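Undergrad: got a structure for you, letters missing:
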């Protein structure tokens with residue numbers, strides 16, 4: 001896909017991978033809609049990026065808010081071509097016996113229901129234009145159980161299966177569906193993991209994490225035909241093969 005002039009929605013866009021993805025897609029000429037809970041951070045990012053960018057202070061766990069943001073984006077730009085479901089949280093980091101049921105459920109509301117809410121709102125708008133691309137942010141935690149991460153691991157396993165189900169149902173309608181497993185990325189989430197001191201991920205040195213612009217650039221590559229062999233599945237940025245195809249190494 002030539003992304004210039006296309007409309008791209010990014011959730012969790014106020015920092016980390018989402019913010020760097022906004023910069024990468026803006027530089028490629030896309031129209032952007034950025035969703036996040038922090039209105040102030042979004043305003044700063046929009047000022048940095050410039051024109052053809054909309055911002056919505058939006059909690060992805062609220063389906064009506066997500067639907068309204070995507071509808072306004074479609075009205076403003078005339079299309080909805082790419083949805084990147086990036087919003088996600090790591091907390092609560094706690095052993096199951098110590099977990100807060102409310103916090104455990106809130107993570108599910110954001111990490112799984114938030115992805116569903118984006119998909120549900122985007123599908124009819126994308127179909128009006130003949131198709132589109134939906135990319136969900138996955139994790140190696142979808143495959144590997146980690147102490148203290150029961151909520152996060154469960155949510156990412158759910159997102160992977162949601163990706164596969166969506167591909168099964170909508171590929172025939174021109175909807176490209178993929179998941180990106182970025183590995184460990186130098187973002188605020190890693191600082192929370194580090195401070196928890198739980199499981200081997202918290203023991204990694206900061207220099208072991210990749211910069212946030214690597215997954216951002218990979219997301220742009222995933223919108224093109226070179227990534228079609230991964231439709232309905234996950235792209236792992238841990239693999240040198242992927243890093244070479246994206247042009248990172």
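TA: Looks like it came in fine. The structure presented is a predicted model; accordingly, all values stated were derived computationally and were not measured. Numbering: from 1, shown residues only.
Undergrad: burial measure for residue 133, as a count.
TA: 25 (other CB atoms under 10 Å). For every residue, glycine as well, the C-beta is placed using N, CA and C.
Undergrad: hang on, isn't it packed against residue 82?
TA: Yes. Contact criterion CB atoms under 8 Å: residue 133 and residue 82 qualify, at 4.7 Å.
Undergrad: next, residue 149: phi, psi?
TA: Residue 149 adopts backbone torsions of phi -110, psi 30, taken as degrees, to the nearest 10.
Undergrad: could you pull out the strands for this protein?
TA: Ranges of strands in the chain, per DSSP state E, are 7-11, 31-36, 53-57, 82-85, 132-137, 175-181, 234-236.
Undergrad: now render those strands as JSON lines, adding mean pLDDT and distance to residue 47.
TA: Output for the strands of the chain, formatted as JSON lines (pLDDT from 0 to 100; distance: least, CB to CB, whole Å):
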{"stretch": "strand 7-11", "mean pLDDT": "98", "distance to residue 47": "16"}
{"stretch": "strand 31-36", "mean pLDDT": "98", "distance to residue 47": "12"}
{"stretch": "strand 53-57", "mean pLDDT": "96", "distance to residue 47": "9"}
{"stretch": "strand 82-85", "mean pLDDT": "98", "distance to residue 47": "21"}
{"stretch": "strand 132-137", "mean pLDDT": "98", "distance to residue 47": "25"}
{"stretch": "strand 175-181", "mean pLDDT": "98", "distance to residue 47": "27"}
{"stretch": "strand 234-236", "mean pLDDT": "97", "distance to residue 47": "31"}
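Undergrad: chain neighbours aside, what residue packs nearest to residue 168?
TA: Spatially, and ignoring its direct neighbours in sequence, residue 168 is nearest to residue 232 (7.0 Å; CB to CB, 6 or more residues apart in numbering).
Undergrad: residues of the helix or strand of the chain with the lowest mean pLDDT that come out buried?
TA: Least confident helix or strand of the chain, by mean pLDDT, DSSP states H and E, is helix 188-196 with a mean of 85. Going by neighbour count (16 or more other CB atoms under 10 Å), the buried part of helix 188-196 is 189-190, 193, 196.
Undergrad: what residue is smack in the middle of the protein?
TA: The centroid of the chain falls nearest to residue 86 when counting by CA atoms, centre = their mean (1.9 Å).
Undergrad: now do the phi/psi pair for that one.
TA: Main-chain torsions, residue 86, degrees, to the nearest 10: phi -100, psi -20.
Undergrad: try residue 131
TA: Note on residue 131: backbone dihedrals following degrees, to the nearest 10 are phi 140, psi -170.
Undergrad: nearest spatial neighbour of residue 247, chain-adjacent residues omitted?
TA: Among residues not flanking residue 247 along the chain, residue 217 sits closest, at 7.3 Å (CB to CB, 6+ apart).
Undergrad: residues near that neighbour, how many?
TA: Look at residue 217: counted by other CB under 10 Å, it has 20 neighbours.
Undergrad: I figured residue 56 hits residue 35, correct?
TA: Yes. Counting by CB under 8 Å, residue 56 touches residue 35, with 4.9 Å between them.
Undergrad: out of the two, which sits in the busier spot?
TA: In this view residue 56 and residue 35 are compared by other CB under 10 Å, and residue 35 has more residues nearby, 30 against 20.
Undergrad: who does that one form a beta bridge with?
TA: For residue 35, the beta-bridge partners are residue 11, residue 56 (DSSP bridges).
Undergrad: hang on, it packs against residue 11?
TA: Yes. Residue 35 is within contact range of residue 11, at 4.6 Å (criterion: CB under 8 Å).
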